[in-house]
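Engineer: just to be clear, the model below is a prediction. Sequence and coordinates:
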Amino acid sequence: MKKYIILLILPFLMGCDKENFSNNNPYLPNYGFSLNINMSLPQYSNLQFPSNAVYINNGSAGVRGIFVFNTGSGYVAFDAACPNQALSSCSTMTLSGINAICGCDSASYSLFTGQAAGMQYSMKQYRVEQIDAVSLRVYN
């Protein structure tokens with residue numbers, strides 16, 4: 001009996017992969033990029049503390065730049081473009097504490113989850129790899 005239970009559970013365990021997530025959104029194109037962040041630099045030093053975010057718009061990361069956020073248990077990165085709006089002059093979100101606010105529809109997205117109540121698409125998420133105590137790599 002135990003063998004059958006293990007055989008039933010094994011496919012579920014093998015199917016779990018934290019690196020396999022979909023960030024497709026019909027409003028936002030998929031741009032490939034890789035960005036290294038040194039948190040010992042002043043513009044990124046807030047990331048060393050939980051519940052802090054930084055906006056990075058260096059022209060090559062994301063569609064409208066990216067938000068990198070320290071959740072307290074790791075780091076997440078999201079595109080700064082409103083996920084439920086076509087690209088326009090108001091579609092770059094702004095930081096407001098632990099939320100990102102879309103200028104087009106005033107939707108408030110949580111930087112912990114990337115989701116907003118009642119909205120179809122969540123924020124476009126990117127992969128984050130912690131290289132060492134003060135270095136991150138954000139990539140698509």
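Structural biologist: Perfect, thanks for sending it. Because the structure is predicted, anything quoted here is derived from the model rather than measured.
Engineer: where exactly do the helices run in this structure?
Structural biologist: 2-14 (DSSP state H).
Engineer: state the pLDDT value of residue 74.
Structural biologist: You'll see residue 74 listed with a pLDDT of 96.
Engineer: that one - how many residues pack around it?
Structural biologist: A count of nearby residues for residue 74, using other Cβ atoms under 10 Å, gives 9. All C-beta atoms are positioned from the backbone trio N, CA, C, and that covers glycine.
Engineer: I'd like the distance between it and residue 47.
Structural biologist: For residue 74, the distance to residue 47 equals 11 Å [Cβ to Cβ, to the nearest Å].
Engineer: against which helices or strands is the longest strand that the chain contains packed?
Structural biologist: The longest strand of the chain (DSSP state E) is strand 125-132. Judged by 3 or more Cβ pairs under 8 Å, 6 or more residues apart in numbering; DSSP states H and E, the packing partners of strand 125-132 are strand 75-79, strand 135-139.
Engineer: change it to 10 Å
Structural biologist: Applying 3 or more Cβ pairs under 10 Å, 6 or more residues apart in numbering; DSSP states H and E, one finds that strand 125-132 contacts strand 34-38, strand 66-70, strand 75-79, strand 135-139.
Engineer: can you mark which positions in the first one are buried?
Structural biologist: Read it as strand 34-38. 35, 37 (16 or more other Cβ atoms under 10 Å).
Engineer: tell me which strands it pairs with, and in which orientation.
Structural biologist: strand 135-139 (antiparallel) (DSSP bridges).
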